[in-house]
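*Asks:* Show me the folded form of this:
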Amino acid sequence: MSCRHLLDRKQRAFESRPDKDRLIDRINSGRQALDEFLDRFPFHRKPEKIHELTPEKLFNPGSDDYFFLWIGWRLKALGAIGLGDANVFRNAADSLDQFKKLLLLVVDGSKSLAEKIDATWEDVTGFGRDRQIAKKIVASYFPAETLPIFNTEHMEYFAKHLQVDIDAESRQKYNLHYADVTLKVGQKWELLTEALLERKDHHEALRAKDNVYFMYVLYFTPPAPLPNNLL
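*Replies:* Numbering: from 1, shown residues only. Below is the predicted model of the structure:
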């Protein structure tokens, strides 16, 4: 079955879900929350404001407005991140100067997705490995350029289901096999994002939808939908 037919089937399955309206309402509420977040933390438009961040503006449990409250919870409808321990956000507040440098890189429109994710996030304890928090921050500031799926294994699953030859794509883009140990997390995310969004853009109905809708279509339809914590 071709990729187009696979996407046809998945979109029809999503649109016929009895809870589809509830899911669409959740997407819309997420979009409204994103607008509010970008008004409060407009670093993509005014990167100089990053220098005004304090530890309390980053992580302040009990407060109803701090940066990671939005990234970790209020923007969950637009892509959830795996959090082993919410104290990982405290680590960013404790490494404020380093986090500011990383955030300046995130909002730099001249940098690639790979460059943003493969920066020195490991300098903030808990932000390394699959770098899901970094991906979520990037996606929040650049929703049109990103697919809000932050687990690498999930991205690989969906790409393979849609018959993307990941290894061939990797060799063409990076001159490296996808399994090469030197291929970095950010490079994989950029590669898989581009591959999946290319398939979306070649599908007439999905092309008219945003990337969050596409993410919901992928997660909330068979075959074997992966566990997620979007709801």
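*Asks:* Are there helices or strands packed against the lengthiest helix in the chain, and which ones?
*Replies:* Longest helix of the chain, by residue count under DSSP state H: helix 20-40. Helix 20-40 makes packing contacts with helix 132-141, helix 211-219 when contacts are defined by 3 or more CB pairs under 8 Å, 6 or more residues apart in numbering; DSSP states H and E. Placement of C-beta: from N, CA and C, glycine included.
*Asks:* If you average the pLDDT over it, what comes out?
*Replies:* Predicted confidence along helix 20-40 averages 98 (mean pLDDT).
*Asks:* Convert it to CSV, retaining C-alpha atoms only.
*Replies:* Listed in CSV are the C-alpha atoms of helix 20-40, where the atom choice follows Å, rounded to 0.1, in the frame of the first residue of the first chain:
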residue,chain,number,x,y,z
LYS,A,20,-12.9,13.4,17.3
ASP,A,21,-14.6,16.7,18.3
ARG,A,22,-13.1,16.4,21.8
LEU,A,23,-9.7,15.9,20.3
ILE,A,24,-10.1,18.9,18.0
ASP,A,25,-11.3,21.0,21.0
ARG,A,26,-8.1,20.0,22.8
ILE,A,27,-6.0,21.0,19.8
ASN,A,28,-7.7,24.4,19.7
SER,A,29,-7.2,25.0,23.4
GLY,A,30,-3.6,24.1,22.9
ARG,A,31,-3.3,26.7,20.2
GLN,A,32,-4.8,29.3,22.4
ALA,A,33,-2.4,28.4,25.2
LEU,A,34,0.5,28.7,22.7
ASP,A,35,-0.6,32.2,21.8
GLU,A,36,-0.6,33.1,25.5
PHE,A,37,2.8,31.5,26.1
LEU,A,38,4.3,33.4,23.2
ASP,A,39,2.9,36.7,24.5
ARG,A,40,4.4,36.0,27.9
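*Asks:* relative to helix 132-141, how tilted is it?
*Replies:* Between the axes of helix 20-40 and helix 132-141, defined by axes from the mean of the first three to the mean of the last three CA atoms, to 10 degrees, the angle is 90 degrees.
*Asks:* so residue 72 sits right up against residue 88, yeah?
*Replies:* No. Counting by CB atoms under 8 Å, residue 72 does not reach residue 88; the two are 9.0 Å apart.
*Asks:* Let's have the helices and strands packed on helix 20-40 in a markdown table, adding mean pLDDT, mean neighbour count and distance to residue 98.
*Replies:* Formatted as a markdown table, the entries for the helices and strands packed on helix 20-40 read as follows, by pLDDT from 0 to 100; neighbours: other CB atoms under 10 Å; distance: least, CB to CB, whole Å:
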| stretch | mean pLDDT | mean neighbour count | distance to residue 98 |
| --- | --- | --- | --- |
| helix 132-141 | 98 | 24 | 13 |
| helix 211-219 | 98 | 23 | 29 |
